[in-house]
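Student: Need coordinates for the below:
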Amino acid sequence: MNATPQVLAVLDDLLASAAPDERGALWHLAERGRELDANVVRLAPGAAVGEHQEDTLDVLLVVLAGGGRLRTGDGGILDLTPTTVTWLPRTSRRALGAGPEGLTYLTVHRRRPGLAITSAPVRAPTAQEGGEAPCTLDLVCPECGRLSADRAPKYCSACGERFPER
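Tutor: Coordinates of the predicted model:
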């Protein structure tokens with residue numbers, strides 16, 4: 001494939017055109033054949049993305065508007081202000097909290113491989129296996145469709161959307 005560079009969004013225009021009370025994912029990278037994922041997420045004033053851990057991907061977080069704090073797994077606090085660029089290394093625990101003006105940020109990370117049906121041969125389970133895997137539908141974000149690594153997610157680590165109560 002010989003792809004051509006293109007402008008996908010002008011962030012100032014995107015933020016200006018979003019309704020003031022619009023929350024969650026305002027934009028996401030959706031081009032076919034990409035190797036990256038990116039999201040623009042807006043949290044309401046005082047809203048939070050609960051503590052979570054991303055085990056397989058490094059994430060770059062860039063604050064676009066508002067402010068807040070990022071709590072690290074070791075109890076540290078990082079202030080988030082416009083133009084702050086933060087690296088969230090894979091396996092790190094973190095939680096986001098929006099300040100009084102809310103928090104709007106861009107995340108960028110390597111694209112997760114999609115689920116695929118393969119023609120792999122079926123094998124008999126071993127004595128240690130417990131049968132079919134449990135359904136993970138309750139771990140899929142209703143807003144962006146991302147599968148959560150947390151077993152009891154409260155907020156989506158990709159778009160910030162709140163998971164339904166169980």
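
Student: how would you label the residue nearest the centre of the chain: helix, strand or coil?
Tutor: In the chain, the residue lying closest to the centroid (CA atoms, centre = their mean) is residue 158, at 1.0 Å. Here residue 158 is coil, with the state taken from DSSP: H, G, I helix; E, B strand; the rest coil.

Student: these two touch, right, it and residue 40?
Tutor: No - distance between residue 158 and residue 40: 11.3 Å, which falls outside the contact criterion (CB atoms under 8 Å). The way it works is simple: take the backbone N, C-alpha and C, and place the C-beta from them, glycine included.

Student: any chance you could read off phi and psi for residue 66?
Tutor: Main-chain torsions, residue 66, degrees, to the nearest 10: phi 70, psi -150.

Student: Skip the chain neighbours and tell me the closest residue to residue 154.
Tutor: Computed as CB to CB, 6 or more residues apart in numbering, the closest residue to residue 154 that is not its neighbour in sequence is residue 50, at 4.1 Å.

Student: Confirm that the one you found sits in a helix.
Tutor: No - under three-state DSSP, residue 50 sits outside any helix and is assigned strand.

Student: what residues do residue 158 and residue 40 have in common as contacts?
Tutor: residue 25 (CB atoms under 8 Å, 6 or more residues apart in numbering).

Student: Now do the contacts for the residue nearest to residue 154.
Tutor: For residue 50, the contacting residues are 95, 153-155, by CB under 8 Å, 6+ apart.

Student: End to end on stretch 77-93, go ahead and measure it.
Tutor: The straight-line separation of the ends of stretch 77-93 (CA to CA, to the nearest Å) is 12 Å.

Student: Which parts of this protein are helices?
Tutor: Assigned by DSSP state H, the helices in the chain fall at 11-17.

Student: Are any of the contacts of residue 50 buried, and if so which?
Tutor: When neighbours are counted using 16 or more other CB atoms under 10 Å, these contain these buried positions: 95, 153, 155.
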